[in-house]
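Student: What shape does this take:
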Amino acid sequence: MEDVFGFEGIVAPRPIEHLGDSDFSFGGQLTPPLKIHEDGGESGCGGKVWIAGELLCEYLIEKSTSDAVLSRMERGLGQTGEFEKILELGSGTGLVGICLALLCETRDLEVYVTDIGGLIGLMQRNIDLNGVCAKVHAKELKWGDPLEPKFQPEAGKRKVDLVLAADCVYLEKAFPLLEKTLLDLTSCDDPPMILMSCKKRRKADKHFFQQIKKNFQVIEIQDFAKFERYLAQRTRLFQLKRVHKKPLMFSR
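Tutor: Next up is the predicted model:
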């Protein structure tokens with residue numbers, strides 16, 4: 001198993017579980033169903049489907065149509081334009097990005113599912129399994145590393161329209177790295193929308209959100225059908241909006 005972000009020994013090996021192929025139709029909303037192969041923990045904690053990923057899929061399904069991503073979502077935070085280039089962080093199996101590609105089947109999307117190098121093979125396997133190679137691309141992206149030119153904003157303009165992150169808040173020593181990547185992706189005048197789902201497991205999780213509130217407005221999303229069901233399982237969805245601090249003005 002590849003070491004996660006260089007923090008050797010922090011993440012304990014997982015027992016063999018969640019091994020093989022599964023179908024995800026989300027209550028019959030995806031037909032045919034999405035197929036995901038889980039590797040039983042061989043590649044670490046990213047090799048299985050987590051509940052926060054299912055929540056994000058449910059939200060995308062409810063708020064999107066076959067030809068437009070999040071067309072049914074209330075955009076109260078100033079997001080402009082259409083969502084055509086999508087980047088998922090910490091994709092693991094690739095569930096969320098693949099779900100979006102299948103959902104918006106008539107839209108010419110460019111979806112990147114990203115994670116550490118040891119998960120590229122699993123993500124690509126699931127891309128092939130669902131026949132979405134033309135839309136979904138598996139890439140290595142280590143949080144905290146410089147972004148590739150295709151993702152890094154340039155001349156004040158974003159390169160990505162939508163950033164998705166499901167269950168990425170799990171390793172406290174990686175919090176600064178995840179924050180840096182989010183800051184890099186939003187270092188522009190028209191930052192991408194960020195949707196982040198997470199399951200609360202430990203007290204340390206709140207430290208991440210306390211820290212990023214220095215640079216992001218954090219808004220909990222509650223206007224979806226299964227909000228109460230996921231809340232009962234301590235799993236929540238947030239929208240992050242970059243807050244650019246205005247330079248101080250001094251009078252002469």
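
Student: As CSV, could you dump the C-alpha coordinates of the longest helix that the chain contains?
Tutor: Determined from DSSP state H, the single longest helix within the chain is helix 51-63. Taking Å, rounded to 0.1, in the frame of the first residue of the first chain, the C-alpha atoms of helix 51-63 are listed here in CSV:
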residue,chain,number,x,y,z
ILE,A,51,-20.9,7.1,2.8
ALA,A,52,-19.8,10.7,2.1
GLY,A,53,-19.2,9.8,-1.5
GLU,A,54,-22.7,8.3,-1.7
LEU,A,55,-24.1,11.6,-0.2
LEU,A,56,-22.3,13.7,-2.8
CYS,A,57,-23.6,11.4,-5.6
GLU,A,58,-27.2,11.7,-4.3
TYR,A,59,-26.9,15.5,-4.3
LEU,A,60,-25.5,15.6,-7.8
ILE,A,61,-28.2,13.4,-9.1
GLU,A,62,-31.0,15.4,-7.4
LYS,A,63,-29.6,18.8,-8.6
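
Student: what pairs with the helix or strand just after it, and is each one parallel or antiparallel?
Tutor: Following helix 51-63 in sequence order, the next helix or strand is strand 85-89 (DSSP states H and E). Strand pairing for strand 85-89, determined by DSSP bridges: strand 110-115 (parallel), strand 162-166 (parallel).

Student: before we move on, back to that, the inter-axis angle of the longest helix of the chain versus strand 85-89?
Tutor: 160 degrees (axes from the mean of the first three to the mean of the last three C-alpha atoms, to 10 degrees).

Student: pLDDT averaged over helix 51-63, what's the number?
Tutor: Averaged over helix 51-63, pLDDT sits at 97.

Student: Show me how far it is from its chain's centre.
Tutor: Chain-centre distance of helix 51-63: 11 Å, with C-alpha atoms, centre = their mean, to the nearest Å.

Student: That one - contacts with which helices or strands?
Tutor: helix 95-103, strand 162-166, strand 193-199, helix 227-231, strand 235-242 (3 or more C-beta pairs under 8 Å, 6 or more residues apart in numbering; DSSP states H and E). Where you see a C-beta, it was placed from the backbone N, CA and C, and this is true even at glycine.

Student: Reformat the ones you listed as CSV; add mean neighbour count and distance to Gly118.
Tutor: Shown next, in CSV, are the helices and strands packed on helix 51-63 (neighbours: other C-beta atoms under 10 Å; distance: least, C-beta to C-beta, whole Å):
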stretch, mean neighbour count, distance to Gly118
helix 95-103, 27, 17
strand 162-166, 26, 18
strand 193-199, 24, 22
helix 227-231, 14, 29
strand 235-242, 20, 25
